[in-house]
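Trainee: sequence and predicted structure, then a few things I'm wondering about:
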Amino acid sequence: MTTNKITRIIALVAVTSAVTGVGFLLTAPIPLIPGAIHWRVLAFLPCVFGILLGPYTGFFAGAIGNTLWAIMGGYFNLATPIFDLIGVGLTGYIPGKFIHPEELKNWKGLAKASLISLLSGIIMVPIVAVGFELVGVAPFMSAVYLLALSDLPPIVVGTPIVSAFLLPILESKGLTRLRW
């Protein structure tokens, strides 16, 4: 890998992490458990970044972006750097690993993006819920229910729509060739 490509990947990780963190902060208006779980309209961002820019970029967009959101919003707790980081990171990694940008050009690929992203969200929910229970933020089952309510609908609906919209833009800039 050339130095130029490494630099571009680091820049993409930084930008996607910032977009995720700020996006979560600005669009999490309804607290379900104040200070912990908020309905996140843009919960699909790590999935989209993973699909379009690669699984590792998606992982870091989710992991670092969610951590930035927690710090900026005042929601950071001892579970954030472990459970939230891993759980939300996986919502970017899993879709990026199993879906490639060219698959988004037909309805079957978009349906696959929605289903794989849903699976990543289903994996994320109990991981984050364990962290919330361990630090005393919320009981496990309450956290599972509210995390599923807050994140899964936006992931299922938003991932295919936003991915399909961004694909031609990122392809025209050559960014999908940097998948990492």
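Mentor: Now that the structure is in, tell me what you want to look at.
Trainee: CA only for contacts and neighbour counts going forward, please
Mentor: OK.
Trainee: low-confidence stretches in this protein?
Mentor: For the chain, applying pLDDT under 70 flags no range at all.
Trainee: now do the strands in it.
Mentor: Per DSSP state E, the chain carries strands over the ranges 30-33, 37-39.
Trainee: which one, of those, ends up nearest to Ile122?
Mentor: Among these, the nearest to Ile122 by Cα to Cα is strand 37-39 (15.6 Å).
Trainee: packing partners of the closest one?
Mentor: Packing partners of strand 37-39 (3 or more Cα pairs under 8 Å, 6 or more residues apart in numbering; DSSP states H and E): strand 30-33, helix 140-172.
Trainee: now do the helices in this structure.
Mentor: In the chain, the segments counted as helices under DSSP state H are 3-26, 45-53, 55-73, 85-98, 107-134, 140-172.
Trainee: Val156 contacts Lys112, correct?
Mentor: No - checked against Cα atoms under 8 Å, the pair Val156 and Lys112 is beyond contact range at 10.3 Å.
Trainee: which one's more surrounded, these two?
Mentor: Taking Val156 and Lys112 together and counting by other Cα atoms under 10 Å, Val156 has the greater number of neighbours (22 against 17).
Trainee: want to try TSV for the helices of the chain, with distance to Ile33 as columns?
Mentor: Shown next, in TSV, are the helices of the chain (distance: least, Cα to Cα, whole Å):
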stretch	distance to Ile33
helix 3-26	15
helix 45-53	22
helix 55-73	14
helix 85-98	18
helix 107-134	11
helix 140-172	8
